[in-house]
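In: Generate coordinates for the sequence data below:
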Amino acid sequence: MSTTQSRSTPLTITHTTTIITPGSSHEQDEQLAIETPYSIALNDKTIGSSMVLPVGLEEFGVGFLFGQGYIKKPEEVKEVYVCPDGRIAVYADVDVTEPKEVIITSGCGGTGKISKEMLEGAFEPLQNYTITFPEIRSFIRQTLNTSSLGQDTHCVHGCALWQDGKMQAFFEDVGRHNAVDKVLGAILLGKATARGAIYTTGRLTSDMVLKCARIGIPIIMSRTAPSSLGMAIARRSGATLAAYARPDRLNIFNNPSRIVNQVNRLKAEG
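Out: Take a look at the predicted model:
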């Protein structure tokens, strides 16, 4: 089952700006991405809050709680409600304990924290999956062209999940972490599985790679760069880490074996 963000809620507002050059001045309408505060509650206990693009909010709430270490498996999630008062209420078959020890990351807002327990300990085996270059071309182009919001506002990040020859999930947000959390939330809500490749327009810092690896995604790709700790986490987990991803080129920082090209195929057949 594929899932993409719904456009029933307005995601932009129009603002008139004044364009000034050394020899001229004129007015121009610009589209601004809407940024809205939402709190996330688990079993009626508020866990945190974040500034979010108001779309894919059910997925965001569940993905946020995964990143905080409260929800670990899809079967734990029971119900999710987006409330008019700016609250995402998640009900899950888990115990809500005292606030977990967190590490402040490179992100901002509520998603700039991950639980310490997510960073520590061994990783579960990742899903078995490979991807070919024809798939990579289609995946990247679809991610960048599914929505015009990025081109209209120049203010959002996109994130998508590719499985079995097609894009299974796509979300955008003003925060790169939020966009990834929405895709992870789609997995936890049973709308996709972790057996695939994820692509983000944001850089791959430690928390970005960590959440993807912890949920079991084997191939993690970005349009931009990884950090040193992001690469170290990829090595610990065994994830394939691909940066500067373009339709016909990847810079593989870890485990290139899951990327199938003509040379690798001939080696395998030989």
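
In: Just the pLDDT for residue 269.
Out: Model confidence at residue 269, given as pLDDT, is 54.

In: Could you check which helix or strand contains residue 179?
Out: Following DSSP states H and E, the helix or strand that holds residue 179 is helix 176-188.

In: Tell me which residues are up against the helix or strand following that helix.
Out: Reading on from helix 176-188 to the C-terminus, the next helix or strand found by DSSP H and E is strand 197-200. Contacts to strand 197-200, defined as CB atoms under 8 Å, 6 or more residues apart in numbering, come from residues 129, 131, 139-140, 143, 157-163, 176, 179-180, 183, 208, 212, 217-223, 245. Every C-beta, even on glycine, is put in place using the N, C-alpha and C of the backbone.

In: Of the residues you listed, just the buried ones, PyMOL syntax please.
Out: Applying 16 or more other CB atoms under 10 Å to those, the buried members can be selected in PyMOL as follows:
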select buried, resi 129+131+139+140+143+157+158+159+160+161+162+163+176+179+180+183+208+212+217+218+219+220+221+222+223+245
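
In: among the contacts of strand 197-200, which are in helices?
Out: Among these, the members found in helices (DSSP state H) are 139-140, 143, 176, 179-180, 183, 208, 212.

In: what's the distance between residue 156 and residue 171?
Out: 10 Å (CB to CB, to the nearest Å).

In: what touches both of those two?
Out: By CB under 8 Å, 6+ apart, the residues touching both residue 156 and residue 171 are residue 179.

In: before we move on, back to that, for residue 86, state which of the ones in helices among the contacts of strand 197-200 is nearest.
Out: Nearest to residue 86, judged by CB to CB, of the ones in helices among the contacts of strand 197-200 is residue 179 at 19.5 Å.

In: in which helix or strand would I find residue 236?
Out: Short version, using DSSP H and E: residue 236 is in helix 228-237.

In: Next, the buried residues of that helix.
Out: 229-231, 233-234, 237.

In: residue nearest the centroid of the protein?
Out: Per CA atoms, centre = their mean, the C-alpha nearest to the average position across the chain is that of residue 180, at 1.1 Å.

In: Please look at that residue and residue 202 and confirm they touch.
Out: Yes: applying CB atoms under 8 Å as the test, residue 180 and residue 202 come out as touching, 7.5 Å apart.

In: what's the nearest residue to residue 131 if we skip its chain neighbours?
Out: The shortest distance from residue 131 to any non-neighbouring residue, by CB to CB, 6 or more residues apart in numbering, is to residue 197 (5.1 Å).

In: now the helices: where do they sit in this protein?
Out: For the chain, helices defined by DSSP H occupy the ranges 57-67, 116-119, 133-145, 149-153, 176-188, 206-215, 228-237, 262-269.

In: need those in CSV with distance to residue 74, can you?
Out: Output for those, formatted as CSV (distance: least, CB to CB, whole Å):
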stretch, distance to residue 74
helix 57-67, 9
helix 116-119, 17
helix 133-145, 23
helix 149-153, 28
helix 176-188, 5
helix 206-215, 10
helix 228-237, 20
helix 262-269, 32
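
In: among those helices, which is nearest residue 28?
Out: So among the helices of the chain, helix 149-153 is nearest, using CB to CB, at 13.1 Å.

In: low-confidence ranges in this structure?
Out: 1-7, 97-114, 262-270 (pLDDT under 70).

In: How about residue 81: what's its closest non-neighbour residue?
Out: residue 89 (4.5 Å).

In: Return the member of the buried residues of helix 228-237 nearest to residue 37.
Out: residue 230 (27.6 Å).

In: For the closest one, give me its contacts.
Out: Neighbour list for residue 230: 204-206, 208-209, 241 [criterion: CB under 8 Å, 6+ apart].

In: what's the burial count for residue 122?
Out: 6 (other CB atoms under 10 Å).

In: For it, grab phi and psi.
Out: Main-chain torsions, residue 122, degrees, to the nearest 10: phi -70, psi 160.

In: just residue 174 next, same as before
Out: Per degrees, to the nearest 10, the backbone of residue 174 is at phi -70, psi -20.

In: Please apply the same query to residue 94.
Out: According to degrees, to the nearest 10, residue 94 has phi -140, psi 160.

In: Give the closest residue to it in space, chain neighbours not counted.
Out: residue 76 (5.4 Å).
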